[in-house]
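> after the sequence you'll find the predicted model.
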Amino acid sequence: MVWSKYWLMPLALISLALLAYGLFLALFNSPADYQQGETVRIMYVHVPTAWLSQSCYAVMVIASIGSLVWRHPLSDVAAKAAAPLGATFTAIALATGALWGAPTWGTFWEWDGRMTSTLVMLFIYLGIIALWRTFEDQARAGRIIAVITLVGAINIPIIKFSVEWWNTLHQPASVFRADGPTMPMSILMPLFVMFFAFSFLFLLLHFIAIRAEILRRRVRALERRNAQRLREQTI
Amino acid sequence: MNAFWAVVQRDIKLATRIGGDAMTVVLFYIMVGAIMPFAIGPDKVLLAKLGPAIIWISALLSLLLALDRLFRTDHEDGSLIAMRQAALPLEMIVLAKLLAHWITNAAPLIIATPLLAILLNLDVDQTIKIIITLLLGTPALVCFGAIGAAVTVTIKRGGLIAPILILPLSIPTLIFGVSALSTGAIESSSGAAMMFLTGFTLLALAFTPFATALALKMGAE
């Protein structure tokens, strides 16, 4: 808690700077697509948020392993804090994808491999968020939710490889491929800048959420101790 | 092995007693399946086309409702604590309970399927195929349900949380269960779909006892 306070302002500044630079590159300094025209610029928000939604789940998986193997209380908090962020990134990815699909593919939604498995990942996120709210004992909740997070992790490789395994409307992998990316640097550069911008934003929000959760637990512990003290006074 | 079969026998006895409600699952299954034509309309061709999907969704929902009973009574009367300390590994006890749960909940469901098939205008061929897919797929549904039940056993008023957690896991089983009749999400031959279905069931049987036992142990302290 002590040293994390000093990271917040630098992280915020870096995120803002990268977001500003990335948006400038994406909106003004990159070429329009020869087929899609200006709508290709949605990609600079859609792709980084999609990558981040999966990375967020990976963060939750690592935190869950920390909960189960080392019983570290900070892992519980980190997993709990990352879930709403991941759900939001997934929702943004799905929404921007739908907005992109409407003018380019003619449809807002298609039940193809990638969209379906990403929707399933959103449901898993929302289920985990709901679980956190249902438990009273947060320590036990952390361990149990760690198990369900690990079970749901099977969905991540399914999302990644869905464009290869099935004939799908969503375009196949064009950046993280064995043969290297198929996009030129003029498009890759804004993409990576936006990705780093969103990553630093996630780091910032994750830190803030972890600090908030720790404070929330301290408040609850103090309230409980106070209630106990009041009960002993009246006896 | 004696302990394993003792647990199976115990659970079957508990489920078929007056306090246990095994038949309500079958009743719910038939009623959900019978209610669908009220919403869809009496068009027989359409009902036959949607029949496999309706049967599978009814089975899925009925099993989801039934799985709260899997661990809750044991948790409430303390048997779960005894099971954790038992000589038989908790994973085997979970497997025994899953087997008993399947016998008392899923098997009656499958036996009642021909009745639903008549209501939904399916012919004998399709009915037999649906029964085979249910036989192959309901163990997977029961196993995935066990994970949800184990995770939510310590919550007093969980409500719909367990089904919410299990539905994403049940999606592949549902997809392949229905497409074995070539009317579902994927165009595949029955043989391929049934092999996928069997694969999922075997996968579920292999790893869900470990995940379930882990969730039960984590809920203990």
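Ah, there it is.
> alpha carbons of the lowest-mean-pLDDT helix or strand in chain A, as PDB, please.
Least confident helix or strand of chain A, by mean pLDDT, DSSP states H and E, is helix A:155-165 with a mean of 81. Output in PDB follows, covering the C-alpha atoms of helix A:155-165 (Å, rounded to 0.1, in the frame of the first residue of the first chain):
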ATOM      1  CA  ASN A 155     -11.700 -20.900 -23.000                       C
ATOM      2  CA  ILE A 156      -8.600 -18.800 -23.700                       C
ATOM      3  CA  PRO A 157      -6.800 -21.100 -26.200                       C
ATOM      4  CA  ILE A 158     -10.200 -21.800 -27.800                       C
ATOM      5  CA  ILE A 159     -10.600 -18.100 -28.500                       C
ATOM      6  CA  LYS A 160      -7.000 -17.800 -29.800                       C
ATOM      7  CA  PHE A 161      -7.200 -20.700 -32.100                       C
ATOM      8  CA  SER A 162     -10.900 -20.400 -33.100                       C
ATOM      9  CA  VAL A 163     -10.000 -18.600 -36.200                       C
ATOM     10  CA  GLU A 164      -7.700 -21.400 -37.300                       C
ATOM     11  CA  TRP A 165      -9.900 -24.300 -36.300                       C
END
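> per-residue pLDDT of residue B:197, please?
Note for residue B:197: predicted pLDDT of 90.
> what do you get for residue B:19?
Residue B:19 carries a pLDDT value of 62.
> cool, and residue A:111?
pLDDT at residue A:111 comes out at 83.
> please identify the residues of chain B in proximity to chain A?
B:147, B:151-152, B:154-155, B:158-159, B:161, B:164-165, B:167-169, B:171, B:185, B:211, B:214-215, B:218-219, B:221 (C-beta under 8 Å from any C-beta of the partner chain). No exception for glycine: its C-beta is placed from N, CA and C like everyone else's.
> could you say which helix or strand holds residue 49?
No chain in the question, so chain A it is. helix A:43-70 (DSSP states H and E).
> let me rephrase: I mean chain B.
Using DSSP H and E, the element containing residue B:49 is helix B:44-66.
> what mean pLDDT does that helix get?
Average pLDDT, helix B:44-66: 91.
> same check, this time on stretch A:75-92
Stretch A:75-92 comes out at a mean pLDDT of 96.
> what residues sit buried inside it?
Residues of stretch A:75-92 classed as buried by neighbour count (16 or more other C-beta atoms under 10 Å in any protein chain shown): A:75-90, A:92.
> just these that are near chain B?
Among the buried residues of stretch A:75-92, no residue sits close to chain B (C-beta under 8 Å from any C-beta).
> in helices only, show me those residues.
If you go by DSSP state H, the buried residues of stretch A:75-92 have A:75-90, A:92 in helices.
> contacts only, for the residue of chain B found nearest chain A.
Nearest to chain A in chain B, going by C-beta to the nearest C-beta, is residue B:218, at a distance of 3.8 Å. Listed by C-beta atoms under 8 Å, 6 or more residues apart in numbering or on different chains, the contact partners of residue B:218 are A:68, A:140, A:143, A:144, A:146, A:147.
> turn these into TSV, including pLDDT and distance to chain B.
Below are these laid out as TSV (pLDDT from 0 to 100; distance: C-beta to the nearest C-beta, whole Å):
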residue	pLDDT	distance to chain B
A:68	91	8
A:140	86	6
A:143	91	4
A:144	92	5
A:146	94	7
A:147	93	5
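> which among these gets closest to residue A:184?
Within the contacts of residue B:218, proximity to residue A:184 (C-beta to C-beta) peaks at residue A:146, which comes in at 42.4 Å.
> which helices and strands sit right next to the helix or strand harbouring that closest one?
Counting by DSSP H and E, the element that carries residue A:146 is helix A:138-152. Judged by 3 or more C-beta pairs under 8 Å, 6 or more residues apart in numbering or on different chains; DSSP states H and E, the packing partners of helix A:138-152 are helix A:43-70, helix A:73-104, helix A:113-134, helix B:124-152, helix B:161-179, helix B:190-218.
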